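Undergrad: no sequence for this one, just the structure:
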């Protein structure tokens, strides 16, 4: 028996002329005759190591993992402004085969399908890493901001007895002989938890068995959900989301500057976000760009794109809250507008022409909820455990869900949502 | 169209003799003749409101949600040391039926099954809330600590093409006509991401189709996973976990003192955690408490309990790392001990006699991994997308998974893991 008593130390960065030992993978090797430049891929980025003697290289090849000992030198010509000179390399592990893709090349030029098949390797490329560091930053911002607003984090089940969003887009599974589903959203549970903590959030996977094969759909994605009670109106929800976006952009600017620069990301303005009614913006965009509205109850992808363009050109914003969606296109728990029950007290947030959030006020009154379910031909008895919250008292409340991959995709200017997901799931892809 | 430009303000606490308006649910009402005490359940806890005129009560009943306007007064006899005097109540919503359980009573005396069926209401009880605030604190500590250690957060798929942990304990689903599974752990993906970010973590659900019906098993639980590269030995992993535990206990002490006090939780000592070999502790405990070892390859629940007792009595610790588990009981990716390949470079962490963590060093060499799979009768071709990481180079690495509900259960002294999960899933329970 031994006692573990060691204090963990955070790695110390190197100063000029300091002897240091780094570790990482060999990203690239350039033999310049007398000297060899070895690019080391460390968890903090690429580091140039200069080996003056071949013996110092320990037969390191691309893909080897190594330790590199040498002197830190300020060197303006090196990437990052520093390099490790007189580097002695010790190989920790060797690959069994040469890398099938050139990770150090600026552009890969692979078909997306091929690239996704090689995902475990392709993600090692610094530009790919940058996307997912930014994604981690968005999640961090979501939590830190909501925590500052006194929200409590929750974990709710993904195996459920009923779908929250309805429709056929739900995965089924056998649960010890009973029929069960994969959660399409944490909707019922986050509402339930408003009755407990008033303000709650969850960052978790959701599952949609949609048969789409588009650039903007995944069958499993990460949803940033919050739900809050005692709202005065659904404007409170949009203001809370705007608060999150402000916090996120500040955090990214401050702590993810290198990743933003590598991808050439321009952060959007979030101080003034326009909010406009669904029917109003539909007509404004159709009029300006001269097209016919085909679906009066929903926004088609081309229409979202046109609205994004309109909002940018007319109001100078990358974001727009589209409010008051038609009741018939919103789920049974959405609260109708008392002023005109054909519409709901709900909204989507579009970012550069793509929906990234759906939210709204929910029904909190028991009779109102039961009536709306019956109007839609649903059986309230099937939802007894959900309706318990309405029956025994709920405050006025609402919330929203943000698609993490969509937000990442639009922020980083990616052309396909699969590039904003580490290991995407679509109709044909189950691995890696 | 309007522009959203409002800055979100955090709610301000009240000072003595300050006029404030609060909101919350009516937790309890006591009519004392001339005055009525209304206990308000707010997101910050219970607040006593004193109404001197029945007309000020607005016919509020238990379960109503209300706003309460009045004057904050220092009042040592009130819970929390403050009360709202001259309270005027405005009802925001009314329940449709009287509460079926007395939320303000100190003890519920319900059968666990009944209690779980009423979960949406029972969770509104302050003692229940406290468990899940502490759980949120543990998650927060996990992320904050690992972030300080330069770990990157990842999100990996839960619908997978192959189970990582093997065995029959896996949920199956139909994925657009293909066979798919629910992830038993993020094992393959977190290892893959060590090749990308070196240090990664994930907080996410995992799914186990175990047919157990015990006090310590759930079929869906939240796993706190991390994985790190460039380790010198598997001791590095235990030290990192100890670092997390230190950070977590500090955070709980500082920011969750009210919840700990309400539950009477005594935080464990984490500065000196013993680490002892599997075979050694097995014999030490059996000898001391005079029982026969039945299973030489694993720890039975009673044995974990005995070991917990031994460690507390002999070494004064609530925790113990049990190291070097037998190879035949560990998964195919576990690294065998070169000194004695019947054992692995792995460990469990027991907390007050219950396993809360499993971890260890993983095989990073391609040939070694393929050989071990073949020895176990597995077909490496089925795992090609996972083996890609070994083939093209991986550093020495390892990691662990912590069961969030188990850690919460042991910390809070709960008698059943279902009490440490908001909406537990077991063989018979799919709702709420």
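TA: Looks like it came in fine. Predicted model only: the values in this text are computed from it and were never measured. Numbers count the residues shown, from 1 in each chain, chains lettered A, B, ... in the order given.
Undergrad: hmm, stretch A:364-384 in reach of chain B?
TA: Yes - Stretch A:364-384 is in contact with chain B by C-beta under 8 Å from any C-beta of the partner chain, via A:364-367. C-betas here are computed from N, CA, C, even on glycine.
Undergrad: just the buried residues of those.
TA: Restricting those to buried positions leaves A:364-366, with burial counted as 16 or more other C-beta atoms under 10 Å in any protein chain shown.
Undergrad: average model confidence for stretch A:7-21?
TA: Average pLDDT, stretch A:7-21: 71.
Undergrad: same question but for stretch A:275-292, I mixed them up
TA: On average, stretch A:275-292 scores 97.
Undergrad: pull out the buried residues from it.
TA: A:275-279, A:281-282, A:284-286.
Undergrad: please tell me how far residue A:228 sits from chain B.
TA: Separation of residue A:228 from chain B (C-beta to the nearest C-beta, to the nearest Å) stands at 9 Å.
Undergrad: the stretch 251-400 of chain A: helices as residue ranges?
TA: With helices called from DSSP state H, counting those that start in this stretch, the stretch 251-400 of chain A shows them at A:257-263, A:278-289, A:301-315, A:366-375, A:384-391.
Undergrad: with respect to burial, which of these scores highest?
TA: Stretch with highest mean neighbour count among these: helix A:384-391 (a mean of 21; mean count of other C-beta atoms under 10 Å in any protein chain shown).
Undergrad: how much does it deviate in direction from helix A:366-375?
TA: In terms of direction (axes from the mean of the first three to the mean of the last three C-alpha atoms, to 10 degrees), helix A:384-391 departs from helix A:366-375 by 140 degrees.
Undergrad: show the average pLDDT along helix A:384-391.
TA: Taken as a whole, helix A:384-391 has an average pLDDT of 96.
Undergrad: show me what that helix is packed against.
TA: Counting by 3 or more C-beta pairs under 8 Å, 6 or more residues apart in numbering or on different chains; DSSP states H and E, the packing neighbours recorded for helix A:384-391 are helix A:187-197, helix A:366-375, helix B:119-122.
Undergrad: run the last query once more with 10 Å
TA: helix A:187-197, helix A:366-375, helix B:112-117, helix B:119-122 (3 or more C-beta pairs under 10 Å, 6 or more residues apart in numbering or on different chains; DSSP states H and E).
Undergrad: ok so, going back, quick one: the residues of stretch A:364-384 next to chain B as JSON lines, columns for pLDDT too.
TA: Conversion of the residues of stretch A:364-384 next to chain B to JSON lines gives the following (pLDDT from 0 to 100):
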{"residue": "A:364", "pLDDT": "98"}
{"residue": "A:365", "pLDDT": "98"}
{"residue": "A:366", "pLDDT": "98"}
{"residue": "A:367", "pLDDT": "98"}
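Undergrad: ok, of the residues you listed, which one's closest to residue B:96?
TA: Using C-beta to C-beta, residue A:366 comes nearest to residue B:96 of these, at 3.8 Å.
Undergrad: ok, the closest one - contacts?
TA: A:380, A:387-394, B:93-97 (C-beta atoms under 10 Å, 6 or more residues apart in numbering or on different chains).
Undergrad: which residue packs closest to residue A:170, ignoring adjacent ones?
TA: Excluding the flanking residues, the one nearest residue A:170 by C-beta to C-beta, 6 or more residues apart in numbering or on different chains is residue A:163, at 4.5 Å.
Undergrad: is residue A:198 in contact with residue A:227, as I believe?
TA: Yes - between residue A:198 and residue A:227 there is a contact under C-beta atoms under 10 Å: 9.3 Å.
Undergrad: who touches both of the two?
TA: Shared contacts of residue A:198 and residue A:227 (C-beta under 10 Å, 6+ apart): A:151, A:397.
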